[in-house]
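J.: Fold the stuff below for me.
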Amino acid sequence: MASRDKRGRRALTVMGIGAWLAAVIAIIVIAILVASLLRGPSTRPTGPTIPGRPTSQAADCPDVQVISVPGTWESTSTDDPIHPHFNRRALLLQVTAPLERMYATHRAAVYTVPYVAQFHNPIAVPPDGQETYAASRAQGTARLVAELNRVYQHCPLTGFILMGFSQGATIAGDVAGDIGNALGPIPAENVVGVGLISDSRRVRGEATAIGPDPEGQGVEVLFGGLNLMGVDLKGKRPGGFGSLAGRTATICGARDPICNEPDRPLNPLDIIGNVTQLATVLTMNSHALYGTTSDWSLDGQTATHWMLSWARGLIDAAPVPPHQGPHR
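T.: This is a model prediction of the structure:
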């Protein structure tokens with residue numbers, strides 16, 4: 001009888017401990033729920049994530065990084081990429097300078113690629129002392145790729161806008177073609193848009209033509225394969241712009257022989273004549289007039305006005321990536 005009472009008391013003790021634990025757990029759950037309600041909903045943006053990509057980035061990262069590549073004789077290898085001053089009349093400064101005034105750097109940062117930006121005429125007498133086109137383009141490409149890598153490694157969620165004019169359009173277009181064809185240096189999903197004015201490797205239909213869409217093609221396409229004393233013309237871009245075709249805008253004036261060479265049979269006199277005159281072409285006729293409506297306009301806008309509006313639209317629509325710490 002005594003043992004039966006002991007077993008009964010032990011059972012009651014176990015039941016009491018169980019009830020006590022259940023009460024404690026219930027109190028903890030209620031406390032967590034109350035604390036959650038007091039905190040309110042999270043203010044950090046949410047959305048689908050890409051496997052393998054981080055979910056946030058450093059607080060000093062811009063939401064959008066604009067990278068501009070100037071044209072021939074509009075830059076130098078020692079120019080300041082944040083405050084370029086070598087050529088204050090450089091065409092794309094009409095786009096990037098207003099952007100810098102419109103946006104805080106945490107929303108949109110601007111970088112202008114500094115490179116030699118020259119074009120040596122191989123038959124100039126006396127020699128013109130210019131760097132060859134091949135060497136100039138190689139330096140511009142290397143510096144653009146280095147900046148893309150630098151920003152992306154620190155800011156993997158930042159969106160990029162690439163823009164270029166003349167030789168700079170060729171450089172920016174070449175790198176965009178690599179990105180769009182999964183050849184790096186950054187993933188295509190990080191590119192918000194690409195804007196090219198007077199692309200020497202222009203092919204109709206490979207990008208979105210803005211305004212007039214001349215029937216010709218870029219001078220490098222017409223004379224592709226020509227390599228004469230540093231004048232290295234590459235022809236078409238393999239694969240075009242790939243997955244970036246729909247995000248690439250191209251502008252070309254009808255009287256600009258850099259981006260609008262008529263398709264015609266080749267002969268040596270054509271090649272010699274074009275190489276001899278190419279340096280002059282860079283500062284004459286419509287190639288130098290995209291800041292006016294002389295040869296290209298859309299609803300009364302110059303090419304630079306259109307590109308400024310285009311870039312603003314992309315920046316305004318770009319998401320704010322989650323940041324680690326306060327977003328400055």
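J.: distance of the closest residue to residue 240 other than its chain neighbours from residue 213?
T.: Nearest residue to residue 240, sequence neighbours excluded (C-beta to C-beta, 6 or more residues apart in numbering): residue 206, at 4.1 Å. Every C-beta, even on glycine, is put in place using the N, C-alpha and C of the backbone. The gap separating residue 206 from residue 213 is 12 Å, by C-beta to C-beta, to the nearest Å.
J.: still on that earlier bit, could I get the phi/psi values of the residue nearest to residue 240?
T.: phi -80, psi -20 (degrees, to the nearest 10).
J.: How about the contacts made by it?
T.: Contacts for residue 206 were tallied using C-beta atoms under 8 Å, 6 or more residues apart in numbering; they are 237, 240-241, 245, 248, 250.
J.: And it, what's its pLDDT?
T.: Looking at residue 206, its pLDDT reads 97.
J.: State the distance from it to residue 115.
T.: Distance of residue 206 to residue 115, computed by C-beta to C-beta: 24 Å.
J.: Please apply the same query to residue 237.
T.: 20 Å.
J.: Settle it for me: which of those two has more neighbours?
T.: Shown here are residue 237 and residue 115; by other C-beta atoms under 10 Å, residue 115 has more neighbours (29 against 24).
J.: All the helices of the protein, in order from the start?
T.: Using DSSP state H, the helices of the chain run over 2-39, 93-102, 133-154, 167-180, 219-222, 268-281, 303-317.
J.: can you tell me which of those the model trusts least?
T.: Looking at those, the bottom one is helix 2-39 with a mean of 39.
J.: show me the contacts for residue 213.
T.: Contacts for residue 213 were tallied using C-beta under 8 Å, 6+ apart; they are 204, 252.
J.: Number of residues surrounding the nearest residue to residue 156 once chain neighbours are set aside?
T.: Among residues not flanking residue 156 along the chain, residue 54 sits closest, at 5.5 Å (C-beta to C-beta, 6+ apart). As a burial measure, residue 54 scores 13 neighbours (other C-beta under 10 Å).
J.: What's the per-residue pLDDT of residue 54 here?
T.: Note for residue 54: predicted pLDDT of 86.
J.: Quick check: it touching residue 154?
T.: No - judged on C-beta atoms under 8 Å, residue 54 makes no contact with residue 154 at a distance of 11.2 Å.
J.: one step back: how much space separates the residue nearest to residue 240 from residue 60?
T.: 36 Å.
J.: Check residue 209 too.
T.: Distance check for residue 209 against residue 60: by C-beta to C-beta, it reads 37 Å.
J.: Please apply the same query to residue 189.
T.: Residue 189 sits 22 Å away from residue 60, going by C-beta to C-beta.
J.: Who has more neighbours out of these two?
T.: residue 60 (15 against 11).
J.: Quick check on the more buried one: phi, psi?
T.: Torsion angles, degrees, to the nearest 10, at residue 60: phi -90, psi 10.
J.: pLDDT wise, what is it at?
T.: Per-residue confidence at residue 60 stands at 95 (pLDDT).
J.: Same check on residue 49?
T.: On the pLDDT scale, residue 49 is placed at 42.
J.: before we move on, back to that, roughly how far does the residue nearest to residue 156 sit from residue 239?
T.: 29 Å.
J.: Kindly report the same for residue 167.
T.: Taking C-beta to C-beta, one finds residue 167 at 21 Å from residue 239.
J.: between the two, which one's more packed in?
T.: Higher neighbour count among residue 167 and residue 239: residue 167, with 29 against 15, using other C-beta under 10 Å.
J.: So the more buried one is in contact with residue 75, correct?
T.: No - if you go by C-beta under 8 Å, residue 167 and residue 75 don't touch, sitting 9.3 Å apart.
J.: shared neighbours of the two, which are they?
T.: Here residue 167 and residue 75 share the contacting residues residue 117, scored by C-beta under 8 Å, 6+ apart.
J.: who's in contact with the nearest residue to residue 305 once chain neighbours are set aside?
T.: In space, and not counting its chain neighbours, residue 305 is closest to residue 94: 8.0 Å by C-beta to C-beta, 6+ apart. Residues near residue 94 by C-beta under 8 Å, 6+ apart: 291, 304-305, 308.
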